[in-house]
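*Asks:* please work out how this folds:
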Amino acid sequence: MARNKILVVDDDAEFRSLICNYLGGKGYEVETAGTCAEGERAWRTAEPDAVVLDYELPDGNAMELLPRLKSIDPTVPIIILTGHGSIDLAVDAVKLGAEHFLTKPANLSALVLLIQRSMENQRNQQKQAAEKVRYSRGTMNPFLGNSATILKLAELAARIAAADSPVLIQGETGTGKGVLARWMHDNGRRSAEPFLDLNCGGLSRDLLETELFGHERGAFTGAVQSKSGLLEIAHKGTVFLDEIGDVDLNVQPKLLKVLEDKVFRRLGDVRDRRVDIRLIAATHQDLARLVKQKSFRADLYFRISTIPLTTPPLRERVEDIPVLTEDTLDRLAVDLGTGRVEITTDAIRSLQSYQWPGNIRELRNVLERAVLLSGSRVLNEKDLHFEVPEMERFGASEGVRTLEEMEKHYIEEVLLLEGGRVEAAAKRLGIPRSSLYHKIKQYGIARPGLNTF
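*Replies:* Sure thing, here's the model as predicted:
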């Protein structure tokens, strides 16, 4: 494990030597500087995990330097040392971002303890930030059911959960790719570290880059302060990139560099930053086809597909629908505050006869609508309202339509229901807007009347 790096800024050469030897003996890597200017330069090049800063320096003081350092990276804890301590000075220093304020001569063992606590506190804040930005997925089980396909997926996922190799999860929209990614993190060796996910669908190149890599102050108009990207926040943990097939071609080589060299640069920065993450990617698209079309880099595809997993569509595991339905109704009882609702055998059979183009996500939508609108403690077949007409159930039109034809018709019906509003239709379908545009183009769906609202 890499040693923690400490930056010591003090104009007393004897003290710098003393603290450098002491911290080095405790397993820390130490960089030193004697002035504000040297300290700022060292901060940018050394990328310290904590800073010990003398209050009085030849070219300024800590109160002047603090804001500049914090604008570079607000997450690094700073401990100020001074020979002329006062309560007011300490309060002002903390307001400007100092973690602790100590008077000289400092007890070195106490200083080391403060450094340890400061870095631990910063790490906890990092994990909390990760929890805020990730989607809330609860403790859902991606392997509910007893079908052969889901049992095979569970066996394979269990074998590779503890590995650090990239994983590519492929499957149709709504099949639980994100739930599987979260399960793999929770059951891997990084489970105590952050889990961050980002849906790349529909994100512009600039937005995707700043979300992933972060940016420096002034990197672009509106960048009034530096920002840590998801890669930094997820250090030692897992990054889940959903809809990776939508990642801009110009961003793909930067992502490949993270996987191969474990380094990246913030937007507007010239320094490489090291990061240790496990990448789990997911897509509903055929990446091999995108590679042939030169819309996805072959080298990135081969790197992320080291371990491929496939989440099966619901229509291929209809025997699992009763278990999935019971679990969904239990969750809805909590989420909606309605209490437990039962379901009849006829209703279950109706669920099993439906094609489920939206898969498990659509199953929840159908059940949630039924619970809210029925007003009953027992769901019957008549309470279930599907998006696709009755004629498109299993067996009702067998041999008449292909799956692609059914999907096209389904999208057309939803677009019609939403008055041609692509964003609203995508929300109803449970897919990113970019994915819906892709389907519209793929199936040649008439564009007149469509809009992005």
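*Asks:* so who does Val51 touch?
*Replies:* Residues near Val51 by Cβ atoms under 8 Å, 6 or more residues apart in numbering: 6-9, 39, 43, 69, 76-79. In short, each C-beta sits where N, CA and C put it, glycine included.
*Asks:* how about Lys408?
*Replies:* Lys408 sits next to 439, 443, 445 when contact means Cβ under 8 Å, 6+ apart.
*Asks:* need those residues in JSON lines (columns: neighbour count and distance to Val94).
*Replies:* Supplementary listing: the contacts of Lys408 in JSON lines, determined by neighbours: other Cβ atoms under 10 Å; distance: Cβ to Cβ, whole Å:
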{"residue": "Lys439", "neighbour count": "18", "distance to Val94": "54"}
{"residue": "Tyr443", "neighbour count": "14", "distance to Val94": "60"}
{"residue": "Ile445", "neighbour count": "15", "distance to Val94": "59"}
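*Asks:* how much space between the nearest residue to Thr210 once chain neighbours are set aside and Val371?
*Replies:* Sequence neighbours aside, Leu267 is the residue nearest to Thr210 in space, at 5.8 Å (criterion: Cβ to Cβ, 6 or more residues apart in numbering). Relative to Val371, Leu267 is positioned 46 Å away (Cβ to Cβ, to the nearest Å).
*Asks:* do Gly268 as well
*Replies:* For Gly268, the distance to Val371 - Cβ to Cβ - is 50 Å.
*Asks:* between those two, which one's more packed in?
*Replies:* The neighbour comparison of Gly268 against Val371 (other Cβ atoms under 10 Å) goes to Val371, with 23 against 15.
*Asks:* the more buried one: what's it in contact with?
*Replies:* Contacts for Val371 were tallied using Cβ under 8 Å, 6+ apart; they are 329, 332, 336, 338, 341, 379.
*Asks:* leaving out chain neighbours, which residue sits closest to the residue nearest to the spatial centre of the chain?
*Replies:* The centre of the chain sits closest to Asp197, judged by Cα atoms, centre = their mean, with a distance of 1.6 Å. In space, not counting the residues next to it along the chain, Asp197 is nearest to Phe240; the distance is 3.9 Å by Cβ to Cβ, 6+ apart.
*Asks:* how about the one helix or strand the one you found maps to as CSV, C-alpha atoms only?
*Replies:* With elements delineated by DSSP states H and E, Phe240 resides in strand 238-242, which encompasses its position. Listed next in CSV are the C-alpha coordinates belonging to strand 238-242 (Å, rounded to 0.1, in the frame of the first residue of the first chain):
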residue,chain,number,x,y,z
THR,A,238,-15.6,0.8,-7.4
VAL,A,239,-16.8,2.9,-10.3
PHE,A,240,-19.9,1.7,-12.2
LEU,A,241,-20.4,3.3,-15.7
ASP,A,242,-23.8,2.5,-17.0
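*Asks:* thinking again about what came up before, surely the residue nearest to Asp197 meets Leu198?
*Replies:* Yes - shown here, Phe240 and Leu198 form a contact pair, counting by Cβ atoms under 8 Å, at 7.4 Å.
*Asks:* ok, these two, which is more surrounded?
*Replies:* Here Phe240 and Leu198 are set side by side on neighbour count (other Cβ under 10 Å), and the busier one is Phe240, at 28 against 21.
*Asks:* so for that one, what's the pLDDT?
*Replies:* Per-residue confidence at Phe240 stands at 96 (pLDDT).
*Asks:* and stretch 123-131, what's its mean pLDDT?
*Replies:* In this model, stretch 123-131 has an average pLDDT of 64.
*Asks:* and what of stretch 61-73?
*Replies:* Model confidence over stretch 61-73 averages 84 on the pLDDT scale.
*Asks:* what number of residues are in the vicinity of Glu243?
*Replies:* Taking other Cβ under 10 Å as the neighbour definition, Glu243 ends up with a count of 23.
*Asks:* roughly how far apart are it and Thr35?
*Replies:* Counting by Cβ to Cβ, the gap between Glu243 and Thr35 amounts to 49 Å.
*Asks:* same question for Val76.
*Replies:* Separation of Val76 from Thr35 (Cβ to Cβ): 19 Å.
*Asks:* between the two, tell me which one has more neighbours.
*Replies:* Taking other Cβ under 10 Å, Val76 and Thr35 do not tie; Val76 has more neighbours (21 against 16).
*Asks:* all strands of the stretch 201-350 of the chain, in order?
*Replies:* Along the stretch 201-350 of the chain, the segments classed as strands by DSSP state E, counting those that start in this stretch run 214-215, 227-228, 238-242, 263-264, 273-274, 278-283, 307-311, 342-343.
*Asks:* quick revisit: redo the contacts of Lys408 as a markdown table? Include distance to Gly358 and pLDDT.
*Replies:* Below are the contacts of Lys408 laid out as a markdown table (distance: Cβ to Cβ, whole Å; pLDDT from 0 to 100):
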| residue | distance to Gly358 | pLDDT |
| --- | --- | --- |
| Lys439 | 13 | 83 |
| Tyr443 | 16 | 82 |
| Ile445 | 17 | 84 |
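*Asks:* out of these, which are inside helices?
*Replies:* Secondary structure from DSSP state H places 439, 443 of the contacts of Lys408 in helices.
*Asks:* the helices in the stretch 151-300 of the chain, which residues?
*Replies:* Applying DSSP state H, counting those that start in this stretch to the stretch 151-300 of the chain gives helices spanning 177-186, 205-213, 230-233, 252-261, 287-292, 298-304.
*Asks:* rounded mean pLDDT for the shortest one, please.
*Replies:* Spelled out, it's helix 230-233. pLDDT averaged over helix 230-233 gives 92.
*Asks:* show me how far that helix is from its chain's centre.
*Replies:* On the basis of Cα atoms, centre = their mean, to the nearest Å, the separation between the geometric centre of helix 230-233 and that of its chain is 9 Å.
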